[in-house]
Structure formats: structure tokens, C-alpha cells
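Visitor: have a look at this fold, sequence not included:
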């Protein structure tokens, strides 16, 4: 057992876990943050994507201990109170989700994509960048639309700030 | 149409919880004292289970129990059933081997459970499972239909000689033979419909909780049809009587058919929770999903189509071998028979059809309904045949289809189905216009100058949905009725709860079903909530599959609404001292037509519950229920056209355009309908280009993870170009046909027809991977 200390959605936590515990297990089982999902065992599907120190990571593919001292943001931590993150709003407005299972990972990956490209995105780039997130419901059509829409919204909200 | 009524593109009510991480899926649920199950699964495709030694595992920390197949048989938990009886051509019933929830003696596919470890945590259960020693005696295995039907092949079940479940026929063989004897041209085709893994993104999961004091079970499960699960678990598996078993299917992360069935893991979790006296949770991992979720498709077919000298189709003969895997899953028997061969007429006037379907056991994962279920196999076959015929007869493939379209309705096909309505020319027109079919030759020529092989492929599909008239399916062998039920509860403050037997696992029922209420009462959808997925709350239901939830489930809600409105009008008329016949409902008010006299819905509801001043003899309350049994199948149809380029040097396919023109009858929410089509197209294209659940000759699965099984990713697919044509379904009052499966049914033929057009070779199997396309291009 080890104590892992990290900040999750702005809150400092210290959790005693078995050394083999994965970050996703710590989030789901110890912190009850069940918005982060597990859809595969091979780092392929991206349902588990969270942000660690501002970068998208697959939380099923790292040990909780590797997040010691890190700042982790999950799907539960991106809205400001009742105000949705522009990416969340764009997924809703563009019908970018159906069953909702891949959605948290998609949104977390998509925010990272927009950040990395500085909002300069086109369809081909979005499709290529989403390679690590699998959705079985939407055929990606509306997810791609949502990401492009959100990229515009995030640019506007950044400019406003 | 109001802003939130029928036909409005309303954003989904359910989305807020999903986009904020507040969805509640089975694996998100924790119960006090909960244990965790880990299954011990056969690594062999076929073997005798000689001995299971769990003594070391039982001594490990946190281990509560190790339970085996023999124990579940000894406790008289029932074997898994197949719910649709099929009769072979010789009159004999289908031949089935027993399928216990865990194998006591013989395992017949890789992944079949032989025992389960129950422990305090998931990790401890997994650790202990490695200490359970299972002694197997390996047997030879048969992995595909060719191997299974060979003389002298290894037999799976003593009950099914020759590994044959049934040899079933439909249609008039004599009439078909006569048509072929007179044919001017005969077109022949051999096709394989590749086996697919459904891969809903949420792996299956179950939590069973036994209450010893009440002798009552609660099961949380990833189900598309919780009431059917309760019925089967009670009536056939001896878990508990229905009133002692509550089944809850909370948020479910996709199904596509694979979560219709009641699987061994749910049965074992329920049984084990009583045995260990604590709740038992099982959450599958992705490899378990590949090994144990019912697969789809897997047909091997030879077909011949007869034409007269004017290119009119005169006959069709089909022989299909359907691979069922090692056991007959819940609805498996109906898929290659009544859901497949009854659609072999396609959109065409075919006077004589004869089809023979031979169902075969193999040492592979069981096969059952997967999005489309039989109809994709039929559509793929017919549309490949039509394209092959056009090439052989040297006519335009669109023109050949038009020449043979059914244009008068109702139309009785020679294979049971009576198409009620449609306009196949309209959808083909729309698709051809959208893709600029007329300009294709010029585009192809231009692509050639750039060194690319460009092709175009059509697919004009029809499906039978909205399953189904109970009496009709009963006469064909179904073990259940396929009606739907609904209840409308108007609360005393005028808000409304709709309880439905349909189950939403991505389809957006919480929005579309509210839109019907908004349309009829003129109230905002925020005042309506949809309750589903809990057998303690909803009276009964048959669940969601076969594109039935709008055509059947929503019609049941409409019937209950009509009853409720009728009573509410009586209350309003009494309060307004008007005649009931003069009351109209507008904007949430009950009005006396042509006057300014009105009473708002909340006041009517309050009057119903205070019961201070109701019409004489009227019962208090405002709540009605209905059961609705459809009178016919519905027949969504459409035309898909795919234009693509093939790189002759690599065999890689690149989409240029994909258009879909669908006729789904009335659309409740076009945004949601489009989403359903997008998802279906992705699965159809996935089958055509990428997906294949492969076994080696020993029955070892080769594709049991996302590293090995090629799921469609965002950069494998194009954006889609959708449109709709409309003929209203006459079979239900809303005119709905259903839209959930169309994309998966129609897409794959369009893709393969386009590739074969591009490369100028007709024989190409799915998935058309770059390797396979390259080999086909360069084959002698």
C-alpha cells in the first residue's frame, strides 16, 4: 500500500491504494468519480481519458502512483458550476453523443486537441486526432461537428478572457 | 408542430448527465458488502472438464467462494434457452444441445465459464482465479461451417447429428425451378457475410443482491429489455418467481442487439449472491466481451437469380449456411430464418423465391442478433446480386433496379412479408441526385488521369422492423409476444410521467417520447419525464431492438395518452359546464372550442386527485395504461450510394462521398434520426472494410481485443450526406417505420459494389482490407 497525494478537480486528496492500482481505479473506486469510464484493456478506446497537468492521458494505462503530486481534471471538473464547458455544450448541441459511455473520454480528448492546435482545426485533423477514442454509436459524424464547433466557441471565450 | 413537438430538432434531455460525467451505468453502482466475481474461462475451443481444484484459491486473502458448473447444475438453475422454435424441412424440431450457465463436463468455445471466484475485491478475485487449477482433456474442434458439416467432423452435441441444428426452407421450390428452366440469363454469386463482434462501448456488467429475509433478488444489469430478462430468469432459469425478482437496467452504454440476451454471468451472479449471502458484482472486460457477447452475421451463401430476356427478375434461389457458434443463443434461431429469408425479395418484384438455410454448430462464441439481425445479410446478398447482374447483363445498375422495383402496394412477396407502403424510385432519385450520379463517368475518367481507380456502388435496401404482430410471430415459432406497454401518469400538479417498456441505451427516448406529449398537450418537455428500465416501476415491456421503440413503444404511449386525454376532457367539460365533445387541448389548456373558456392542465389534474367535483361515477385520479400490439411489420427502405477511390498500388480505399436517402415514415426528431443513421452506416461500413471476428482452425479467437479487431475510428469514415423521402406507415397511427438499423443494413453492399466497380473485379469478400483489395486487383 502507498499513499498517493494529488489534486483532483481542484481538490487536494490523499488516497491509500495498493501499488498496482491504476489511476482510473483510484478515480472511480476511491474517489467515486465514475464519469471516467473503462471500455477496453488495451489503451485503445479512450473512454478513460482525463487531463493530468493539462495534458490528456489514458487513466487506465498508468498507475495511480504515477499521478502522485499531479493535478488531475476529470469530466466532473470541467464545467464552472452550472455553466458547461464549451466542449460539453457543443457535444449536446450537435448531438455528439448517444449512449454516453465514450463521451467523457471524447470530451476530455477533444479539449486537449483544441488546446494543442490553438483552435485551428479542420475535419481531417479532428478525425486523425480522435484516433485514440472509439465510439460505437455516432459514426463520429456529429462528434467531429461538435469538436469543430467547440474549437470556435473556445476561441471566442478565450478572446473574451 | 410546436417547438418541442413531433418533427422538431430538440436537443436531448438526457445529455446533461452524460456530458457532465453523471451517467449511472451498472459498474458505477456500489452496494454495501458487495463482493466481486471473476470467471474462470476455458482456454480451449473444445474440451472435457476433468477436475477443478480450488483448494489453494480458497485459502487466499479475501476469497469468499469458488463455485463450479457442477454446483449450478446441482442447484437446478435452468439451462439457457433459445426462444424461437424453428422446424426443419422434414418436419422435425430444431436440434439443440444443453447450455448450462457454467460448464460442468464439456466446454465448447474459448471463453466458456467453468467456475467463478467470489472475493472481496476485483483484484483479489482475479488473483485467486489464477490459483484455481482446471484439468482439461482437449478434444478436436470445428471452427467454421465448412469444417462442421464435413463427413466425420468432430461432433459438438449428441442431440445434433452432423452439427446441424436445422435445415429450414421457405418459398416455392417448384416455382423457382420452373423460373430458372425458362430463364434467359442466370446470375450466380457466392458470398460470405463476415462474423462481427458487436462491441458496445460499455462492457456487460451485473450486480445481484439477494435479500434473505424477503427471499427477493435485485439485479442491476446491462440489458436492452429488463422485463424479458426477468421473465426468462424466472420462468426458465428458476432464479426466483417474478414478484421476487427486480431487474434494473440503468444507463446502458450501447447494445446493438448484444444486450438483448440473458447471459450466464447474470444467472451466476444471482445464484452466487444467494449462496454467499452478499451482493455480487461482475463487470466484463473487453476481452470477455469478445469471447462471450453474442457475435453477429457469419453466413456462407450461394445464390442464383434468374432473368427473362427483358432483364426482369423471374426467380431467386438461395442456400445459406449459418454459423450459430457452440450454443443456441436466445433469439439466434430466428435470425437467419424469419429475419433473413423473409427479406430476400428486397425492393424487387420477384415472382418465385426459394431459400434453404442450414444452421450449424461450431466451437465458437454463440451468434445471435446484431444490429439489423438477418436483414443486413439479406440486403447485402440481394444488392450484390443486382450489381453482379447489371455487370453481367451490361446495363446500368440503377436502371436495372428501377426496372424491377415494386411500385404497387400493398405487395405480397413470395416469402411471407406483405410490404404495406413505399416509394423506392423516390429514394433512389434522391440518392442519385445527391451524389450527382449523372456526372460520375466524367469524375471517374478524371480520377483515372490522376492514377486512381474510382468506383460507385448502389444499395437499395428494405427491412422489416417494428417487430412485431404477436399473433404472426407466434405462428412462426416465437416464444414471446412482441407488443409494448406504456403508462401515463398525470401528477396532481400537472407534470407528467411516462412509463415505457422500451429501453433507451443511446436512442434518445427521454427526449423523443416527451415530444409526443408536447405535441398533444402543448406543454414543454421539461414538464414530462420518461421512466424506463426498472421492472418495479414499469408494468411490463418487451424492450428495445428491431427498430421497434418508436413504431411500437411510442404507439403504446399514444394509446395511453388518448385514454388519459379522454378522461381529462370529461373533467374539464364538467368544470367548464360544457359538452365533452367541444373540449380541445391547446397550449396546456382544455378549452371550449370557439370560446375563451378554458381550464389549465394542472387544474384538471388537481380536480382529478382532490375528487371534490368530478362527474358522477368517475373514479378519482388521472393515470392510464395501454398495451399496443402492431398489426404488421413496418418496412423502412432507402437507397445508399457510395463513391470512392482505390489506390491500385496499396489497395487502400478512400471515400469520396456517401449518400443515404431513407424513408422512415414520420420522423419525431430528425436530429436523433440522423444520428441513428450515422451510427448504422458506420457499422455497415465497418463490416465492409474493417471488422472481422476471426478464429483459427482450432477454434482459437484471433481477434479478442481492440488491438486485433479493427473497430471503425473517426479517420476511417467520411461525413455522411443524408436525406429523407416519406411514405407514412399505414400500420400505426403515427406513421412511423423505425430508423435504428437501416444504416447497418444498407451500407455494406454500397461499399463493396463501389470497390468492385472501381477495380473491375466482381468477387471480393468483406472486410475489403487493403491487403485483400490489392490481392484481388492483382489476381490473375
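Guide: Right, received. Where do you want to start? Every value quoted in this text rests on a predicted model; they were computed, and no experiment measured them.
Visitor: tell me the residue furthest from the middle of chain B?
Guide: residue B:577 (51.0 Å; CA atoms, centre = their mean).
Visitor: now do the end-to-end distance for stretch B:708-716.
Guide: Start to finish, the residues bounding stretch B:708-716 are 16 Å apart (CA to CA, to the nearest Å).
Visitor: can you list contacts of that stretch?
Guide: A:44, A:124, A:126-128, A:130-131, A:133-136, A:139-140, A:143-144, B:197, B:199, B:290, B:682-683, B:685-686, B:689-693, B:702-703, B:767 (CB atoms under 8 Å, 6 or more residues apart in numbering or on different chains). Glycine gets a C-beta too; all of them are placed from N, C-alpha and C.
Visitor: which of those count as buried?
Guide: A:44, A:126-127, A:130, A:133-136, A:139-140, A:143-144, B:197, B:199, B:290, B:682-683, B:685-686, B:689-693, B:703, B:767 (16 or more other CB atoms under 10 Å in any protein chain shown).
Visitor: for the host helix or strand of residue B:170, packing partners?
Guide: Using DSSP states H and E, residue B:170 sits in strand B:164-171. With contacts taken as 3 or more CB pairs under 8 Å, 6 or more residues apart in numbering or on different chains; DSSP states H and E, strand B:164-171 sits against strand B:353-360.
Visitor: what is the strand it packs on packed up against?
Guide: Counting contacts by 3+ CB pairs under 8 Å, 6+ apart, strand B:353-360 packs against helix B:145-149, strand B:164-171, helix B:173-181, strand B:313-323.
Visitor: after it comes which helix or strand?
Guide: Beyond strand B:353-360 toward the C-terminal end (DSSP H and E), the next one is helix B:375-393.
Visitor: that following helix versus strand B:313-323: what angle between them?
Guide: Counting by axes from the mean of the first three to the mean of the last three CA atoms, to 10 degrees, helix B:375-393 lies at 130 degrees to strand B:313-323.
Visitor: so which bits of the next helix or strand after helix B:375-393 are buried?
Guide: Using DSSP H and E, the helix or strand that follows helix B:375-393 towards the C-terminus is helix B:397-404. Buried residues in helix B:397-404, counted by 16+ other CB under 10 Å: B:397, B:398, B:400, B:401, B:402, B:404.
Visitor: stretch B:730-748 too?
Guide: B:731-732, B:734-748.
Visitor: and the residues you listed near chain A, which?
Guide: Subset of the buried residues of stretch B:730-748 in contact with chain A: residue B:743, counting by CB under 8 Å from any CB of the partner chain.
Visitor: restricted to strands, list the buried residues of stretch B:730-748.
Guide: Taking DSSP state E, every one of the buried residues of stretch B:730-748 sits outside strands.
Visitor: can you flag which of the buried residues of stretch B:730-748 belong to helices?
Guide: B:742, B:743, B:744, B:745, B:746, B:747, B:748 (DSSP state H).
Visitor: from residue B:614, how far off is the residue farthest from the centre of chain B?
Guide: Using CB to CB, to the nearest Å, residue B:577 is found at 14 Å from residue B:614.
Visitor: repeat that for residue B:584.
Guide: 21 Å.
Visitor: could you check which of those two is surrounded by more residues?
Guide: Remark: of residue B:584 and residue B:614, residue B:614 carries more neighbours, 18 against 14, as counted by other CB atoms under 10 Å in any protein chain shown.
Visitor: of the contacts of stretch B:708-716, which belong to helices?
Guide: Short answer: these in helices (DSSP H) are A:124, A:126, A:127, A:128, A:143, A:144, B:290, B:682, B:683, B:685, B:686, B:689.
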